[in-house]
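Engineer: When you get a sec, could you give me coordinates for this:
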Amino acid sequence: MTETSFIISWMCQLYLAFFFLRSAYRKTINFEKVSVEFQGWGYPFPGFITRLLSLVWVICGIALLVPATSWLAAVVLMAFMIVACATLVWHREFRRLIEPAVPMLLLAIVIWVRRQDAIILFAG
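Structural biologist: Next comes the predicted model:
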């Protein structure tokens, strides 16, 4: 990993950790509103989904700050962001697509830069 990619990756990881931890906090504070939104999109058990997302955001937000787990956290979060994009497209909420699109771009950078860490993690 070059020094530039190392710095870019850490900047992305720090921003993403803050973003997802703040998002988890907001989901918790606005629990009813978020649950109603999931219910409106047709998700079953909206309260459970809101709690699950908050938990995943906290765990992965912290894991992004640990080099050995940042790649895996980014992959998990990317999967959730893809589902978020699909939900917004399905419900024709195109104006909101920027919300998951920016984190997806930054997650892609982390996944690409930290891929060597993943190879080491799974190979040895």
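
Engineer: Select the helix or strand of this structure having the lowest average pLDDT value.
Structural biologist: None of the helices or strands of the chain scores lower by mean pLDDT, DSSP states H and E than helix 115-123, at a mean of 65.

Engineer: how far away is the most centrally placed residue in the chain from L16?
Structural biologist: In the chain, the centroid-proximal residue (CA atoms, centre = their mean) is L77; its distance is 3.3 Å. From L77 over to L16 the distance is 7 Å, taken as CB to CB, to the nearest Å. Placement of C-beta: from N, CA and C, glycine included.

Engineer: okay, and the common contacts of those two?
Structural biologist: Common contacts of L77 and L16, defined by CB atoms under 8 Å, 6 or more residues apart in numbering, comprise L64, P103, L107.

Engineer: quick check, nearest of those residues to S9?
Structural biologist: L64 (10.1 Å; CB to CB).

Engineer: That closest one and A73 touch, don't they?
Structural biologist: Yes. Using CB atoms under 8 Å, L64 is in contact with A73, at 4.8 Å.

Engineer: Pass me the low-pLDDT residue ranges in the protein, would you?
Structural biologist: 1, 117-124 (pLDDT under 70).
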